[in-house]
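Enquirer: I would like the atomic coordinates for the input below:
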Amino acid sequence: MYQALIASLFILFLSSCSGDQEQQPAETDSVQQEKPLVANKKGCQACHSMTLDQAHDFDCVLCHNGDADSGDKDEAHKELIFLPSHPDNMNKTCGKCHPKQVENTSHSLHFTLKNEVNLVRSAFGAENNLNSLTDIPVTEIPKTSLELVDDLLRRRCLRCHPYTSGDKYPAVARGTGCASCHLEFYKGRLVTHSFLKTPGDTQCLQCHYGNWVGYDYYGRYEHDMNDEYRTPYTTRNEYFRPFGVEFHQLNPDIHQQKGLICVDCHGGKELMAQQGEIIRCSDCHDKDTITRNKTKNGASIEREGSTYFLLSKGDGKKHKIPIMKHPAHSEYNDRVNCQVCHAQWAFGDTETHLLRKDVDEYDDFARLTVQGSFEVEKILKNNLDFDAEEISNSMTDKITGEAKTGLWYKGYITRRWENIVIGRDTSGRLQVMRPVLDLHLSWVDEDENVRFDSVQILDGSQKFTPYIPHTTGKAGLFYRERIMKFSQPADSKTQ
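Expert: Next up, the predicted model:
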């Protein structure tokens, strides 16, 4: 009896210590399964079980093409459009009913990623800006640092854009085009065919993960990649790292703690058309600028007496809006960004090293198999196993899908969040800074020749760029120290 009790407690202990930082549903949980083929029945749903929302409850062929009147699989799938919301198809599919939205979205910053692309390219010598990530040149044998950067962008960096379904981690893999935000996926499979009018944070985090703004909103800071920094916990879950790399759980943003979701501040005009005005903290928290019913991004704000409330699109609750009262706000408003005082922590990945290695040799990276890239990890782990059949040493172009020789490895000198770096933007205003352009690029070709060795940006002083950490909290006792430390003439450079 006593031994049986001990055994039961031991099994219960094991089942409760999964160690996963974010539990994911099992593959069969709520994921739509195809019905077995039913002979002599016609129509898509004779074979495919799905749930449609009211606005899209119409014949599948309107978006997917094919022949709904045929009971033969080959005939029914003739000229099938497998990914109707993909950028190559969305004009003739989604655009039938949503022409304005499709047109605006196709030129949006979220869709083109031109800001991110041009920031990096110009730092390595590009003289002209590109209109879209699809315009990044393809160079078979890079001869300049800019051409090497273009190869890096196309094959390593640009995994989160509407032309691809994301990386293959379970919390990251998703749809393409419009489906990136408006359909729910898990492990790359469609969970439900009900379209989301308002995307939730799950959709946002499919791209905004791994130490990019959005991940910090939930208090997450990615672990370092070396084996020494791996978590010691184990798990029975199939996927230990739903976002590719484990994360430290820090303080989430106060807005997230209160129940607000990303689109409560970042509305459709901003995300899909770049037509909305820049959202500022004062839009909600300054009594002189807060509006009665709507803010710039379309959030619902109500006034009851002298108190304002925001109706969240996430939890549907009314949240009382604190109004700025401290004299520091009027004192520093025009000279200091809010997060200089209110950011609880910030991303500080210094000296990001990126190495393209075309040689079929992997031992040097045996302790760096966790790379934040499913493609690189798969090849590393497989080819370090002497009993496994070797996989080709190549990575795909994330825009064309074409494979090309060489792997892009990634590592850092230091990953820290404690010390918030403050500097001045081009207008002289104090901002939180992050070392986005603190990049070191190298390339070893197939003959083991070092073509590039730790190449950096042309202007080393511009490694740090302003950003808005989504780690808002109380300013605390030492906000003046942050400001006074950087109260220098506007023309001085502070990094």
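Enquirer: nearest residue to residue 176 in space, please, no chain neighbours.
Expert: Leaving aside its chain neighbours, residue 176 sits nearest to residue 86 (4.4 Å; criterion: C-beta to C-beta, 6 or more residues apart in numbering). Placement of C-beta: from N, CA and C, glycine included.
Enquirer: on the three-state scheme, the one you found is what?
Expert: The local conformation at residue 86, judged by DSSP: H, G, I helix; E, B strand; the rest coil, is coil.
Enquirer: was I right about it contacting residue 164?
Expert: No: Residue 86 is beyond contact range of residue 164, at 9.5 Å (criterion: C-beta atoms under 8 Å).
Enquirer: so those two - more neighbours on which side?
Expert: A count of neighbours by other C-beta atoms under 10 Å puts residue 86 above the other of residue 86 and residue 164, at 21 against 18.
Enquirer: confirm residue 120 sits in a helix?
Expert: Yes: checked against three-state DSSP, residue 120 lies within a helix.
Enquirer: leaving out chain neighbours, which residue sits closest to it?
Expert: Spatial nearest neighbour of residue 120, excluding adjacent residues (C-beta to C-beta, 6+ apart): residue 149 at 6.2 Å.
Enquirer: right, and that neighbour touches residue 443 too?
Expert: No: in this structure, residue 149 is not within contact of residue 443 by C-beta under 8 Å, at 11.0 Å.
Enquirer: which one of the two has more residues nearby?
Expert: Using other C-beta under 10 Å as the criterion, residue 149 and residue 443 rank with residue 149 on top: 25 against 22.
Enquirer: is the residue nearest to residue 439 when sequence neighbours are not counted in a helix, a strand, or coil?
Expert: Excluding the flanking residues, the one nearest residue 439 by C-beta to C-beta, 6+ apart is residue 352, at 5.4 Å. In three-state terms, and counting by three-state DSSP, residue 352 is strand.
Enquirer: what residues sit buried inside stretch 465-481?
Expert: Buried positions in stretch 465-481, judged by neighbour count with 16 or more other C-beta atoms under 10 Å: 465, 466, 467, 468, 469, 470, 471, 472, 473, 475, 479.
Enquirer: repeat that for stretch 331-349.
Expert: For stretch 331-349, a neighbour-count test (16+ other C-beta under 10 Å) marks 332, 336-349 as buried.
Enquirer: please apply the same query to stretch 356-367.
Expert: 356, 357, 358, 359, 362, 365.
Enquirer: what's the answer for stretch 45-53, then?
Expert: Neighbour-count burial for stretch 45-53, counted by 16+ other C-beta under 10 Å, picks out 46, 47.
Enquirer: break the chain down into its structural domains.
Expert: 104-255, 256-341 (automatic domain parsing).
Enquirer: could I get those domains as a markdown table with mean pLDDT and distance to residue 389?
Expert: Compiled in a markdown table, the domains of the chain are given as follows (pLDDT from 0 to 100; distance: least, C-beta to C-beta, whole Å):
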| stretch | mean pLDDT | distance to residue 389 |
| --- | --- | --- |
| domain 104-255 | 92 | 20 |
| domain 256-341 | 83 | 43 |
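Enquirer: quick check: which of those domains is buried the most?
Expert: domain 104-255 (a mean of 18; mean count of other C-beta atoms under 10 Å).
Enquirer: secondary structure class for the residue nearest to residue 120?
Expert: helix.
Enquirer: which residues touch it?
Expert: For residue 149, the contact set (C-beta atoms under 8 Å, 6 or more residues apart in numbering) comprises 120, 121, 124, 441.
Enquirer: next: residue 205.
Expert: 171, 214, 215, 218, 243.
Enquirer: residue 190: which of these is nearest?
Expert: residue 171 (15.1 Å; C-beta to C-beta).
Enquirer: so what's that closest one closest to, chain neighbours aside?
Expert: Distances taken as C-beta to C-beta, 6+ apart put residue 242 closest to residue 171, at 3.8 Å, once the chain neighbours are dropped.
Enquirer: cool, residue 231 as well?
Expert: Among residues not flanking residue 231 along the chain, residue 246 sits closest, at 4.9 Å (C-beta to C-beta, 6+ apart).
Enquirer: isn't the one you found right up against residue 221?
Expert: No: applying C-beta under 8 Å as the test, residue 246 and residue 221 come out as separate, 10.1 Å apart.
Enquirer: quick one: end-to-end distance for stretch 215-226.
Expert: Taking C-alpha to C-alpha, to the nearest Å, stretch 215-226 runs 21 Å from one end to the other.
Enquirer: count the residues that sit near the residue lying closest to residue 145 once chain neighbours are set aside.
Expert: The shortest distance from residue 145 to any residue other than its chain neighbours is 4.6 Å, reached at residue 455 (C-beta to C-beta, 6+ apart). When neighbours are defined as other C-beta under 10 Å, residue 455 has 19 of them.
Enquirer: contacting residues for the residue lying closest to residue 446 once chain neighbours are set aside?
Expert: Leaving aside its sequence neighbours, residue 446 sits nearest to residue 358 (C-beta to C-beta, 6+ apart; 4.4 Å). Shown in contact with residue 358 (C-beta under 8 Å, 6+ apart): 393, 405, 406, 443, 444, 445, 446.
Enquirer: change it to 10 Å
Expert: The contact partners of residue 358, by C-beta atoms under 10 Å, 6 or more residues apart in numbering, come to 393-394, 404-407, 443-449, 451.
Enquirer: do the same with residue 119
Expert: Listed by C-beta under 10 Å, 6+ apart, the contact set of residue 119 reads 126, 129, 436, 437, 462, 465.
Enquirer: tell me the one of these nearest residue 75?
Expert: Distances from residue 75 to the contacts of residue 119, taken as C-beta to C-beta, are shortest for residue 129 (48.0 Å).
Enquirer: ok, the residue nearest to residue 231 touching residue 222?
Expert: Yes: contact criterion C-beta atoms under 10 Å: residue 246 and residue 222 qualify, at 7.6 Å.
Enquirer: anything in contact with each of those two?
Expert: residue 229.
Enquirer: ok, the buried residues of stretch 465-481 vs residue 232, which is closest?
Expert: Nearest to residue 232 among these, with distances taken as C-beta to C-beta, is residue 471, at 26.3 Å.
Enquirer: what pLDDT does the closest one get?
Expert: Residue 471 is assigned a pLDDT of 97 by the prediction.
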